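> structure, please.
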Amino acid sequence: MPKIILLILSKIPSSIKYFRTMSYLDNVRTFVRVYELGSMSAAGRDLRISPAVTSSRISQLEQHLSVRLFQRTTRSLTPTEQGKAFYGGASEILDVVENAEAQVVNITDNPKGALYVAGPLGVGRRLIAPLVPGFLAQYPEVTIRLRLTDRKVDLTTEGLDLAFFLGQPEDSNLRMRKIADVARVLCASPDYIAARGNPADGQALLAQGHECLNLRFPGATEFQWRLITPDGPKRFRVTGRYESDDGDVLTDWALGGHGIVMKPIFEVGAHIEAGRLVPVAVNTPPEPIQMACLFTHRRGQDPKTRLFMDYVISRISDAVSAPSTAPVGGITEGR
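Numbering: from 1, shown residues only. As a prediction, the model looks like this:
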């Protein structure tokens, strides 16, 4: 048995039965989530336990260790020096337990437990979510918790196992698995083009003052459209009165004739085929954007993380990299 496990179990009286040991591990797991999320309520929601149970587990752990692990006020919760010191060992304990369970899972090929996955709204709704039922049918003891947002996520602080994303990652401490370079298109509705014209290129977008629909959220770093010109990729500082942190809202605005949107083709391909949207500025198309999956460096990675990545990527890579592909409603298991 690993030394770290022996060390922590040595603090438990020998008369305590097995279920008390598991209860202690639950307390340690709760402490780690409270520490990482910085909130009792957030940790409780994440672990699907009530605030009372969360608080009780922390109190039990503090009583067992005879120290305070957090300083609590009505508005904040801050780890004490003892809490900071305990976090490293506590995380190592859970990693050892998870790695041991992962080895068993590898042998039995029976993965179980919760998998925390994040992805952009469009990617998640059209590509990932439709595949979840098939994956869960294949692995009935796994639970998927899918978080969809167009904002950037932090795997470590938000307790995620993996995150699908479009663009370039900022955190070099994470591992990345590239899926495809995703083709994009600038498009607008026929009504918008009839009223404002069809710009030939990125320069016309600016010169003619077109209404450009932009994705904006706190922490966003890309405020220009990167288009491919005869002289190579170039950034165009487009403007517009319509902004949202939800990419599907931008699509709806474009369909309503309110402006020009830049979208992955797999999201708007069906609208273009049906004539509801029309490509514009075709002389300077958008540069393709990378789609990839981020996951943490972990020795003995939980097999279900790899299984889900393989399952999803094998089914979506062709759809997102083709020049005109999946319908706006997404893909299905039959693809």
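> contacts only, for residue 226.
Residues counted as contacts of residue 226 (C-beta atoms under 8 Å, 6 or more residues apart in numbering) are 233-236, 286-287. C-betas here are computed from N, CA, C, even on glycine.
> state the phi and psi torsions of it.
Residue 226 has phi and psi values of phi -100, psi 110 when expressed as degrees, to the nearest 10.
> same thing with residue 200?
Backbone geometry at residue 200, expressed as degrees, to the nearest 10, gives phi -80, psi -30.
> can you tell me the closest non-neighbouring residue to it?
Spatially, and ignoring its direct neighbours in sequence, residue 200 is nearest to residue 283 (5.3 Å; C-beta to C-beta, 6 or more residues apart in numbering).
> that neighbour belongs to a helix?
No: Residue 283 is assigned coil when assessed by DSSP: H, G, I helix; E, B strand; the rest coil, not a helix.
> any buried residues in the top helix by length along the chain, and which?
When the chain is parsed with DSSP state H, its longest helix is helix 81-108. Of the residues in helix 81-108, 83, 86-87, 90, 93-98, 101-102, 105 count as buried by neighbour count, 16 or more other C-beta atoms under 10 Å.
> quickly run through the sheet partners of the very next helix or strand once past it, with directions.
Downstream of helix 81-108, the first helix or strand assigned by DSSP states H and E is strand 113-119. Take DSSP bridges as the rule and strand 113-119 pairs in its sheet with strand 142-148 (parallel), strand 162-166 (parallel).
> list the buried ones in the first one?
Taking 16+ other C-beta under 10 Å as the basis for neighbour counts, the residues of strand 142-148 that come out buried are 142, 144, 148.
> so the last one bridges to which residues?
Going by DSSP bridges, residue 148 is paired in beta bridges with residue 119.
> correct me if wrong: it contacts residue 124.
Yes: Residue 148 lies in contact with residue 124 (C-beta atoms under 8 Å); the separation is 3.8 Å.
> next, the closest residue to residue 183 other than its chain neighbours: phi, psi?
Excluding the flanking residues, the one nearest residue 183 by C-beta to C-beta, 6+ apart is residue 265, at 4.8 Å. Taking degrees, to the nearest 10, you get phi -60, psi -30 for the backbone angles of residue 265.
> likewise for residue 78?
The phi/psi pair for residue 78 (degrees, to the nearest 10) is phi -130, psi 130.
> how near is the residue nearest to it when sequence neighbours are not counted to residue 47?
With sequence-adjacent residues excluded and distances taken as C-beta to C-beta, 6+ apart, residue 78 is closest to residue 71, at 4.7 Å. Separation of residue 71 from residue 47 (C-beta to C-beta, to the nearest Å): 22 Å.
> ok, residue 65 next?
Separation of residue 65 from residue 47 (C-beta to C-beta): 20 Å.
> settle it for me: which of those two has more neighbours?
residue 47 (19 against 14; other C-beta atoms under 10 Å).
> residues touching the more buried one, list them.
Residues in contact with residue 47 (C-beta under 8 Å, 6+ apart) are 29-30, 33, 54.
> report the contact partners of the residue positioned nearest the centre of the chain.
The chain has residue 118 as the residue nearest its centroid, 2.3 Å off, counting by C-alpha atoms, centre = their mean. Taking C-beta under 8 Å, 6+ apart, we find residue 118 in contact with 146-149, 153, 155, 158, 160, 162-164.
> where along the stretch 101-250 of the chain do the helices fall?
Assigned by DSSP state H, counting those that start in this stretch, the helices in the stretch 101-250 of the chain fall at 121-123, 132-138, 190-196, 202-207, 247-255.
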